[in-house]
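Chemist: got a predicted structure here, sequence first:
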Amino acid sequence: MKAVNRQQAIGRRKRREKMEIRSYRELLVWQRGMDLVELIYKFTENLPAREQWGLSSQMRRASISVPANIAEGYGRQSSGNYKQFLSI
């Protein structure tokens, strides 16, 4: 059996973890975030016209930020950057 140092073992584990999920689109949390975006867009279509540029816009931007941050963080090279995007 070949001797493996700690860094090599961590690197192998990270590669395995990364291989299990091929895309952020496979993440249940991203899928639910996109479901929320659809619900918010449908809901805000029925708000009064005076709210279209205020409340409606704010709700839409807030809802899309969740899956957008997951997708952007997933594309980062390090798990530290990814965790940062998930904590936003």
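Modeler: Looks like it arrived, so ask away.

Chemist: please identify the helix or strand for residue 66.
Modeler: Using DSSP states H and E, residue 66 sits in helix 55-74.

Chemist: pLDDT below threshold where in this structure?
Modeler: 1-19, 77, 82, 85-88 (pLDDT under 70).

Chemist: let's go with 80 and repeat that
Modeler: 1-21, 76-88 (pLDDT under 80).

Chemist: the most centrally placed residue in the chain and residue 32: what is the separation?
Modeler: In the chain, the C-alpha nearest the mean C-alpha coordinate belongs to residue 70, at 1.4 Å (C-alpha atoms, centre = their mean). Residue 70 is 10 Å from residue 32, where distance means C-beta to C-beta, to the nearest Å. In this view, the C-beta of every residue, glycine as well, is placed from N, C-alpha and C.

Chemist: over to residue 80?
Modeler: 24 Å.

Chemist: can you tell me what sits against the helix holding residue 66?
Modeler: Residues external to helix 55-74 that are found in contact with it (C-beta atoms under 8 Å, 6 or more residues apart in numbering): 23-24, 27, 29-30, 33-34, 36-37, 40-41, 43-44, 47, 81-86, 88.

Chemist: show only the entries of the residues you listed found in helices.
Modeler: With helices taken from DSSP state H, the overlap with the contacts of helix 55-74 comprises 29-30, 33-34, 36-37, 40-41, 43-44, 81-86.

Chemist: for those residues, work out which two are farthest apart.
Modeler: 43 and 81 (32.6 Å; C-beta to C-beta).

Chemist: picking up where we left off before, pull the CA atoms of the helix holding residue 66 into CSV?
Modeler: Output of helix 55-74 as CSV, limited to C-alpha atoms (Å, rounded to 0.1, in the frame of the first residue of the first chain):
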residue,chain,number,x,y,z
LEU,A,55,-41.8,45.9,-3.7
SER,A,56,-42.1,43.6,-6.7
SER,A,57,-38.6,44.4,-8.0
GLN,A,58,-37.1,43.9,-4.5
MET,A,59,-38.8,40.6,-4.0
ARG,A,60,-37.7,39.3,-7.5
ARG,A,61,-34.1,40.4,-6.9
ALA,A,62,-34.0,38.8,-3.5
SER,A,63,-35.4,35.5,-4.7
ILE,A,64,-33.0,35.1,-7.6
SER,A,65,-30.0,35.9,-5.5
VAL,A,66,-30.3,32.6,-3.6
PRO,A,67,-29.8,30.3,-6.6
ALA,A,68,-27.5,32.7,-8.3
ASN,A,69,-25.1,32.7,-5.3
ILE,A,70,-25.2,28.9,-5.2
ALA,A,71,-24.4,28.7,-8.9
GLU,A,72,-21.6,31.3,-8.7
GLY,A,73,-20.1,29.7,-5.6
TYR,A,74,-20.1,26.2,-7.1
